[in-house]
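>>> need a 3D model of the sequence below.
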Amino acid sequence: MIKITIFLLAFLSITVMSYGMPIQSFAADVPPLTVNVEFNSYREGAEIVISGLIRDYDQSNDVSIRIQDPNGNIVTVLQIEPESDGTYLKYCGLFDRYTS
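Sure thing, here's the model as predicted:
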């Protein structure tokens with residue numbers, strides 16, 4: 001009788017403790033789209049390396065990136081075709097396309 005009581009008490013304790021524990025999903029921590037650059041701002045003529053990831057990429061769409069100057073004027077628009085795993089990488093040079 002004591003063995004059954006100890007077993008039931010242990011089982012009940014484990015059940016109650018596990019009920020309050022959240023189940024973590026690591027895939028939810030990845031945003032649907034990431035865009036990475038090395039610096040916050042660039043000079044004219046500098047090369048920008050743009051990289052990122054599209055979560056759950058199904059190869060049906062490309063990535064479009066619009067680069068603006070500090071005044072909000074469009075400097076360039078890029079269209080990038082990601083790899084099959086959703087990652088992308090693009091080198092872009094900022095030439096004399098605008099005056100600040």
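>>> how much space separates residue 31 from residue 45?
Distance of residue 31 to residue 45, given as Cβ to Cβ, to the nearest Å: 31 Å. Every C-beta, even on glycine, is put in place using the N, C-alpha and C of the backbone.
>>> likewise for residue 54?
Distance, residue 54 to residue 45, by Cβ to Cβ: 30 Å.
>>> same check on residue 76?
Distance, residue 76 to residue 45, by Cβ to Cβ: 13 Å.
>>> and the two? which has more neighbours close in?
Neighbours per residue, other Cβ atoms under 10 Å: of residue 76 and residue 45, the larger number sits with residue 76, 15 against 9.
>>> settle this for me: the more buried one is touching residue 90, isn't it.
No - using Cβ atoms under 8 Å, residue 76 makes no contact with residue 90, being 10.8 Å away.
>>> so which residues of the chain form strands?
Counting by DSSP state E, the chain has strands at residues 33-36, 47-54, 63-68, 74-80, 87-93.
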